[in-house]
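Got a sequence here, can you build the structure:
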Amino acid sequence: MQFAEVLPPTPNLTWTLARQAGCTHAVSSFPSDGAGGYLTDFTSLQHQKQRFADAGLDLVVIETGFPWLDLTKRGLPGRDEEIERARNAIRNMGAVGIPISCWNWMAVFNWTRTSTTTPARGGAKVTSYDHSLMKDAPLTPAGIVTDDQLWDALKYFLDAVVPVAEESGVYLALHPDDPPISPIRGVSRIIRSRDAMQRALDLRPSPNHGITMCQGTFSTMGANIPETIR
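Numbers count the residues shown, from 1 in each chain. This next block holds a predicted model:
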């Protein structure tokens with residue numbers, strides 16, 4: 001087992017606190033390009049890997065996945081260019097020694113909450129999701145996005161990237177949809193149950209195509225966590 005913390009891509013106080021707490025490994029994102037995008041080239045990733053190493057932390061996971069895959073997830077024209085960028089990012093991760101990509105298949109928007117200030121234990125503020133608050137939410141500009149559309153596009157993506165992950169020594173860890181509720185604003189969420197996660201794995205079986213075992217999300221699905229882990 002590795003003791004890790006999710007940390008920003010550039011040093012700040014949390015890096016110091018993580019080391020003081022005994023962390024030896026780090027989970028982070030692709031470095032920023034300064035304009036709201038991400039750098040995935042070899043040199044940028046090498047510098048990021050070394051920044052963590054110089055701070056006494058081994059960067060082992062990129063958690064942002066491939067955030068540019070908007071067209072890809074919906075199976076739209078232009079997806080091949082997005083996929084090629086993902087393939088190159090995987091190759092560069094392997095080359096610099098970042099072995100895991102935590103990614104997701106949530107189209108149009110990522111994880112979703114209806115509140116970021118819900119009171120919790122000890123007065124802490126936490127995020128929460130109440131689907132009843134979304135009943136009158138408008139469709140996104142993407143309109144209706146169906147289950148079949150997402151499943152077909154996922155198969156296409158996996159066929160393109162899993163062989164590159166195998167060649168590069170990078171493990172793809174698919175995160176379940178958060179929250180595992182569908183649809184939200186007309187956009188389907190397909191990785192919303194244990195069976196759905198297994199179906200995703202079966203689309204392209206490989207040791208390099210696995211899951212992010214997010215216990216909170218699986219618990220929200222109603223899954224028995226110890227049994228699911230086994």
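
How far off centre is stretch 209-217?
Relative to the centre of its chain, stretch 209-217 is centred 10 Å away, using Cα atoms, centre = their mean, to the nearest Å.

list the buried ones in that stretch?
209, 211-212, 214, 217 (16 or more other Cβ atoms under 10 Å). Yep, even glycine has a C-beta here, placed from its N, CA and C like the rest.

now swap in stretch 82-96 and tell me
Buried residues in stretch 82-96, counted by 16+ other Cβ under 10 Å: 82-83, 85-87, 89-94, 96.

average pLDDT across that stretch?
Taken as a whole, stretch 82-96 carries a mean pLDDT of 98.

Repeat that for stretch 164-175.
On average, stretch 164-175 scores 98.

what does that stretch contact?
Stretch 164-175 is contacted from outside by 61, 65, 87, 90-91, 93-95, 98-105, 161-162, 191, 197, 200-201, 206-212, 214, 217, using Cβ atoms under 8 Å, 6 or more residues apart in numbering.

So which of the buried residues of stretch 82-96 sit within helices?
82-83, 85-87, 89-94, 96 (DSSP state H).

What helix or strand is Pro77 located in?
Using DSSP states H and E, Pro77 sits within no helix or strand.

what does Leu59 give?
Using DSSP H and E, Leu59 sits in strand 58-62.

With just CA atoms, put that strand into PDB.
Output of strand 58-62 as PDB, limited to C-alpha atoms (Å, rounded to 0.1, in the frame of the first residue of the first chain):
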ATOM      1  CA  ASP A  58       6.700  10.100  -6.000                       C
ATOM      2  CA  LEU A  59       4.100  11.300  -8.500                       C
ATOM      3  CA  VAL A  60       2.300   8.100  -9.500                       C
ATOM      4  CA  VAL A  61      -1.200   9.200 -10.600                       C
ATOM      5  CA  ILE A  62      -2.600  11.800 -13.000                       C
END
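
Just the ones in strands from the contacts of stretch 164-175, please.
Within the contacts of stretch 164-175, residues falling in strands by DSSP state E are 61, 100-104, 209-211.
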